[in-house]
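Need a 3D model of the following:
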Amino acid sequence: MNPDQLAQALSDNAKFTLQQDSSEYDKEHETRKASFEIVSEAGEVIGYVKTWQDDDSFAGFVRFDSDGRVQDWKVFDKRLPH
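Next up is the predicted model:
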């Protein structure tokens with residue numbers, strides 16, 4: 001899941017930027033994974049996002065607040081228009 005798609009999915013709070021923390025590709029499961037920090041305009045980390053994208057058909061994310069509590073999650077079918 002690329003950062004532009006993720007920002008659009010998280011558009012309920014437009015006053016933030018995403019800073020990629022890590023990225024990896026799991027060859028065994030053919031899945032891309034990435035982690036992002038959600039940073040406020042003041043530069044404070046206000047949350048985190050973990051994303052994944054399967055080569056076959058699905059992508060998604062889980063959003064956490066700064067204390068690690070799940071705030072939102074979504075799964076997308078790649079066949080749907082982006």
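
Please enumerate the helices of the protein.
For the chain, the helices defined by DSSP state H occupy 3-9.

ok, which stretches of it are strands?
Taking DSSP state E, the strands of the chain run over residues 16-26, 31-40, 45-54, 58-65, 70-77.

Output these in a markdown table, with mean neighbour count appended to each entry.
Just so you know, the C-beta spots here come from the backbone N, C-alpha and C atoms, and that holds for glycine as well. A markdown table is the format used below for the strands of the chain (neighbours: other C-beta atoms under 10 Å):
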| stretch | mean neighbour count |
| --- | --- |
| strand 16-26 | 12 |
| strand 31-40 | 17 |
| strand 45-54 | 18 |
| strand 58-65 | 17 |
| strand 70-77 | 12 |
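
Please dump those into TSV; it should also carry mean pLDDT for every row.
Below are the strands of the chain laid out as TSV (pLDDT from 0 to 100):
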stretch	mean pLDDT
strand 16-26	76
strand 31-40	85
strand 45-54	87
strand 58-65	89
strand 70-77	87
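
Spatially, what comes nearest to W52 if we skip its sequence neighbours?
Spatial nearest neighbour of W52, excluding adjacent residues (C-beta to C-beta, 6 or more residues apart in numbering): K33 at 5.0 Å.
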